[in-house]
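**Q** how would this look folded up:
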Amino acid sequence: MRRKTQIVLAITFMVTAIVSSLSYVYLSEILRQRVAYERDTANYLNSQLAHIAASEIPDFTSTHVDTSNPAKLRLAIEDYLATNLDLNTMMESAVSDWPMIQDAAIINGDGKAILHSIPDLIGKTVPNRPDFRIVQDAKFRRQLHLVYNPPIVYDVSIPLLLNEKPFGSIRLGVSTVFLKSEITQRLQQAVIFSGISILLSLLLAAGLSHIALGPLEQISRRLDNVTAGEADAVTEEEAGHDEYGLVTLKIAHLGRQMRDAREIFSALKDNVDQIMGNLQDGLMLFTRDSRVVLVSASVERFLGRPRSELLGRTVKEIFTRDSSLGALVLDGFQLRNPVTQREVETSNTKRVQVSLDFIQERGSPIGALLTLRDAESVRRIQDEIEISRQMSASGRTTRGVAHEVKNPINAIVLHLQLLQTKLKQIDPDTRRHMDIIGNEIHRLDRVVQILVDFTRPRDLHLEEIDMHRLLEDVIMLATPDTEQHGVTVKRKLGTEPLGVRVDLDVMKQAILNVIINGMQAMPQGGTLTISAQRDEDSVITEIRDQGVGIPHELQEKIFELYFTTRKGGSGIGLAQTYQALQWHYGSIDFETVEGQGTTFRLRLPVVEIRARANIENVRADAPSLTVPNS
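**A** Below you'll find the predicted structure:
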């Protein structure tokens, strides 16, 4: 048998086997789904009939029916069910609206029909029919045999309970005629598809065998040219006596070279993919013909499309002029003008910073690099750096000022006390003024002490703990206040362990400050929602209130020390929380809508929670970490 014939037969056999297997799986799945659908439909209708029957039974105690006689009571219930309009309507609807339902009946304990969709069978004994589970539980071949047998009506029944006692049953007759018509149609489609696929495979196999085996001599000559200067000449004994031997030797030689190159390329590709996957900025590398060859994982966030859809596509297939980003990139490629750090809006209303650089080699363009950066993240980082810088500068200044102010305050208090001692008889007005001076001096001393405490470095005693447990402890601390203010705490904590490494006292106070802030934002009460989830390498805790929100002009000031909008507030709670998150290499931000509420988002680095014994050892031996003021 010729090699070409062998290839044609092998490909045809393989396609036939694949198509037959897929058709078998397809038909079995279709039949299984249809059988399950009929079963579920029948069960649903049965449950509806049972619900109507159970809910419509009247109280016979006030009628002439002797309720102490079970037989008479049962007869009265049967008469009522037989004439109930809702049951009759539901039964007629089940038979008329669902093609697979042959009939429906309510059967009493003696097997007689109280109500039947076929009026002639009412009051008569209804014979038992095969259970539909026979079809449902059968294998595919057995199901086909049952469906293509002469049509059979199967029973789907459930017990009827009235006043929590067995009364009879509800039966629906399910016919296989509907299954047979649908499966026959799908079977015909599968046969036609299989025939067309096998015919196409014959033609394709013949064409492929001709293309693959015809030009072997030409392939051999081309391979000679490729390997002429890179390897020794191949002897006739080594090459063999047919064209396949020559090609095999030359492909083996080239294969060794390509394998080495492939290994190097694979290692480089893995390193590049790892780097690209960890980048926060979106990077897209284009070839000379503006086709994408490299995409970082972050691009998916900016464009809303998976990387697999972008690779290999041209810039015109990815971007359109409908958005500012698309128009900017297309203009840059069309005019070959680089774009330097311009902020635009994507199609999903996300603000991004865009830069486009064209790569050249010896004055000739060989590609382009597009960089996308989240503008909001950049601004948030800049704001956090600025706040940290301001707090650091303020801390240094405050510590110096506090030191200089404390000494004069102490001297003034001391001399004021001496003055009060020397002035044994002081008129009431003078006494009142001196008391005011004393009180104000003490208040000024407390303010200075708060500044000193806020700016003093803190020794953190870090422990590993599940964030869920930490939040539950804080919620327990806040419960008396929330109940007093009519605030309901709603938890959305989940079950996945969320390990963090924190100073428990510091972090409890930081979270409690945010909860108290949210509670005070709802003077009329409301719901405070607390959730926690993992986001890559961070644990994000969200605290959402239903207050009035934060006005736009005040949003940049809420983390400033002593800033407060509440009468009698100290203005240090959120500043302490911001500082505590920085101590733990985390961050805090918020989203607010005036009139709807505010969501504070606390982000902490995640750690894997070790075994309990290990955790206890860590707690016993945990080192202290001195964190300077930020």
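**Q** Could you look up the SS state of Val156?
**A** strand (DSSP: H, G, I helix; E, B strand; the rest coil).
**Q** List the strands paired with the helix or strand where Asp589 lies, with their directions.
**A** Using DSSP states H and E, the element containing Asp589 is strand 587-593. Paired neighbours of strand 587-593 in the sheet (DSSP bridges): strand 597-605 (antiparallel).
**Q** Pull the strand it pairs with out as PDB, backbone CA atoms only.
**A** What follows is strand 597-605, C-alpha atoms only, in PDB (Å, rounded to 0.1, in the frame of the first residue of the first chain):
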ATOM      1  CA  GLY A 597     -22.600  57.300  52.600                       C
ATOM      2  CA  THR A 598     -18.800  56.700  52.700                       C
ATOM      3  CA  THR A 599     -16.700  53.500  52.300                       C
ATOM      4  CA  PHE A 600     -13.300  53.400  54.000                       C
ATOM      5  CA  ARG A 601     -10.900  50.800  52.600                       C
ATOM      6  CA  LEU A 602      -8.000  49.600  54.700                       C
ATOM      7  CA  ARG A 603      -5.300  47.600  53.000                       C
ATOM      8  CA  LEU A 604      -2.700  45.400  54.800                       C
ATOM      9  CA  PRO A 605      -0.100  43.000  53.500                       C
END
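**Q** from the chain's centre, how far out does that strand sit?
**A** Its chain's C-alpha centre and that of strand 597-605 lie 18 Å apart, by CA atoms, centre = their mean, to the nearest Å.
**Q** for stretch 516-529, same thing?
**A** Chain-centre distance of stretch 516-529: 28 Å, with CA atoms, centre = their mean.
**Q** what comes into contact with it?
**A** The contact list for stretch 516-529, computed with CB atoms under 8 Å, 6 or more residues apart in numbering, reads 478, 481-482, 485-490, 492, 515, 542-548, 566, 569, 573-574, 597-598, 600. C-beta coordinates here come from the backbone N, C-alpha and C atoms, glycine included.
**Q** Go through the residues you listed and flag which are in strands.
**A** Among the contacts of stretch 516-529, the residues falling in strands (DSSP state E) are Val487, Thr488, Val489, Lys490, Lys492, Glu542, Ile543, Arg544, Gly597, Thr598, Phe600.
**Q** Can you name the two of those that sit furthest apart?
**A** Taking CB to CB, the two most distant members of those are Thr488 and Phe600; they sit 17.7 Å apart.
**Q** Just the buried subset of the contacts of stretch 516-529, written out for ChimeraX, thanks.
**A** Remark: buried members of the contacts of stretch 516-529, expressed as a ChimeraX selection using 16 or more other CB atoms under 10 Å:
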select :478,482,485,487,489,515,542,543,544,545,546,547,548,573,574,597,598,600
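**Q** The closest residue to Asn149 other than its chain neighbours - how many residues pack around it?
**A** Closest residue to Asn149 apart from its sequence neighbours, by CB to CB, 6 or more residues apart in numbering: Thr176 at 7.8 Å. Other residues within reach of Thr176, judged by other CB atoms under 10 Å, total 24.
**Q** Thr176 and Pro150 touch, don't they?
**A** No - applying CB atoms under 8 Å as the test, Thr176 and Pro150 come out as separate, 9.2 Å apart.
**Q** Pairing partners for the spatially most central residue of the chain in the sheet, please.
**A** Among the residues of the chain, the one closest to the centroid is Asp535, at 9.9 Å (CA atoms, centre = their mean). With DSSP bridges as the criterion, Asp535 is bridged to Ser538.
**Q** how close does it get to Leu504?
**A** Remark: distance between Asp535 and Leu504 (CB to CB, to the nearest Å) = 23 Å.
**Q** next one: Ser290
**A** Ser290 is 56 Å from Leu504, by CB to CB.
**Q** Could you pull up the contacting residues of the residue nearest to Thr598 when sequence neighbours are not counted?
**A** Of all residues not flanking Thr598 in the chain, Thr592 sits nearest, at 4.1 Å (CB to CB, 6+ apart). Applying CB under 8 Å, 6+ apart, we find Thr592 in contact with Gly549, Ile550, Gln555, Thr598, Thr599.
**Q** do that again at 10 Å, thanks
**A** 521, 545, 547-552, 554-555, 558, 598-600 (CB atoms under 10 Å, 6 or more residues apart in numbering).
**Q** could I get those residues as TSV with distance to Gln582 and pLDDT?
**A** Output for the contacts of Thr592, formatted as TSV (distance: CB to CB, whole Å; pLDDT from 0 to 100):
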residue	distance to Gln582	pLDDT
Ala521	24	88
Asp545	23	93
Gly547	25	89
Val548	28	86
Gly549	25	89
Ile550	21	87
Pro551	25	87
His552	25	83
Leu554	22	84
Gln555	19	81
Ile558	15	82
Thr598	21	93
Thr599	20	94
Phe600	15	94
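**Q** For the stretch 451-600 of the chain, give me the ranges with low pLDDT.
**A** Under the criterion pLDDT under 70, the flagged ranges of the stretch 451-600 of the chain are 451-458, 561-562, 567-571.
**Q** again, only this time at 80
**A** In the predicted model of the stretch 451-600 of the chain, residues 451-459, 560-572 satisfy pLDDT under 80.
**Q** can you map out the helices along it?
**A** In the stretch 451-600 of the chain, the helices defined using DSSP state H, counting those that start in this stretch lie at 467-484, 504-520, 573-583.
**Q** Tell me which of these sits nearest to Arg362.
**A** Per CB to CB, nearest to Arg362 of the helices of the stretch 451-600 of the chain: helix 573-583, 49.3 Å.
**Q** Return the list of helices and strands in contact with the closest one.
**A** helix 375-422, helix 428-455, strand 458-466, strand 499-503, helix 504-520, strand 587-593, strand 597-605, strand 624-627 (3 or more CB pairs under 10 Å, 6 or more residues apart in numbering; DSSP states H and E).
**Q** who's in contact with Asp103?
**A** For Asp103, the residues meeting the contact criterion (CB under 10 Å, 6+ apart) are 91, 94-95, 113, 116-118, 121, 126, 153, 155, 171-175.
**Q** Can you tell me which of those are classed as buried?
**A** By neighbour count, with 16+ other CB under 10 Å, the contacts of Asp103 hold 91, 94-95, 113, 116-117, 121, 126, 153, 155, 171-175 as buried.
**Q** okay, now Asn513: neighbour count?
**A** Counted with other CB under 10 Å, residues neighbouring Asn513 total 19.
**Q** how about the nearest residue to it, chain neighbours excluded?
**A** Asn513 sits nearest to Gly573 (CB to CB, 6+ apart), 3.8 Å away.
**Q** same check, this time on Gly547
**A** Closest to Gly547 by CB to CB, 6+ apart is Ala521, at 2.9 Å.
**Q** same deal with Glu38?
**A** Nearest residue to Glu38 in three dimensions, chain neighbours excluded: Met100, at 5.0 Å (CB to CB, 6+ apart).
**Q** With Phe178 instead?
**A** Using CB to CB, 6+ apart and skipping the chain neighbours, the partner closest in space to Phe178 is Met100 (4.3 Å).
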